[in-house]
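1. 3D, please:
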Amino acid sequence: MSEFEYSSGSLCLDLANTWGDRSDPGSDKLKGYLDLLAWAQGAGVVSERERVELLKLAHTEAAKSFGVFRTAHELRDTVFRLCSATAAGEKAPVREVAALNAALQTVPRQRLCCEGACCEWEWPADKSDLRQVLWPVIQSAADLVTSPDVSRIRVCGAPDCNWLFIDRSRGGRRRWCDMSTCGNRAKARRYYERHRRSS
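-> The predicted structure follows:
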């Protein structure tokens, strides 16, 4: 079972959510390029074959893989700050927009791949590139902030959770990233408070 969650409704938010409680550095699940690869495979960004190839490349190009890992952290922070501001109804921070625009400049153009009557976009991957795990995330962030879903971005209402998610509930009033975790803890806290006051 993966240690990562992919429940936000957006690839870029799933990356942002790899650090759940930003007041606790120990809750950061991305500690190196190998973690980034594991996250990317779980998210469907790379296949098992690609993960193995990138793993070998990361061992032979350790300094470059560390640089890509640092870039992943910066991208994650950019997405978090940009989408948190949006969720709070604030203007998009100029610095984060500039950072996302700069990241977009590093993404190669996708190309069409057609098998029979079906066509789909694919990333150019003539050879393994340590940065390829970030390309779909960068594109996801740009697509999200320019889509109607931007108005549905929310931050979890739990005090110890900073997870972002897209609220696709009918009434648009979802408060928790996941009812089975943060939602249940909030219910338990309210129950405890009610019974403590009544006793």
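2. okay, CA-based contacts and neighbour counts for the rest of this
-> Fine.
3. what sits against the residue nearest to L104 when sequence neighbours are not counted?
-> Closest residue to L104 apart from its sequence neighbours, by C-alpha to C-alpha, 6 or more residues apart in numbering: I138 at 6.4 Å. By C-alpha atoms under 8 Å, 6 or more residues apart in numbering, I138 lies in contact with 12, 75, 100, 103-104, 107.
4. Please render those residues as CSV that adds neighbour count, pLDDT and distance to V68 to the earlier fields.
-> Formatted as CSV, the contacts of I138 follow (neighbours: other C-alpha atoms under 10 Å; pLDDT from 0 to 100; distance: C-alpha to C-alpha, whole Å):
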residue, neighbour count, pLDDT, distance to V68
C12, 25, 98, 16
L75, 23, 98, 10
L100, 20, 97, 15
A103, 18, 97, 12
L104, 16, 96, 15
V107, 17, 92, 13
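5. give me the low-pLDDT residue ranges for this protein?
-> Scanning the chain for pLDDT under 70 picks out 1-2, 125-126, 179-181, 183-199.
6. where do the helices sit along it?
-> 11-16, 33-43, 48-60, 62-87, 94-104, 135-145, 184-198 (DSSP state H).
7. Of the ones you listed, flag the one that's most buried.
-> helix 11-16 (a mean of 24; mean count of other C-alpha atoms under 10 Å).
8. May I have that helix as CSV, with CA atoms only?
-> What follows is helix 11-16 as a C-alpha-only set of coordinates in CSV (Å, rounded to 0.1, in the frame of the first residue of the first chain):
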residue,chain,number,x,y,z
LEU,A,11,-2.4,15.9,-9.8
CYS,A,12,-0.7,19.2,-8.7
LEU,A,13,-2.7,19.2,-5.5
ASP,A,14,-1.8,15.6,-4.8
LEU,A,15,1.9,16.7,-5.0
ALA,A,16,1.1,19.7,-2.7
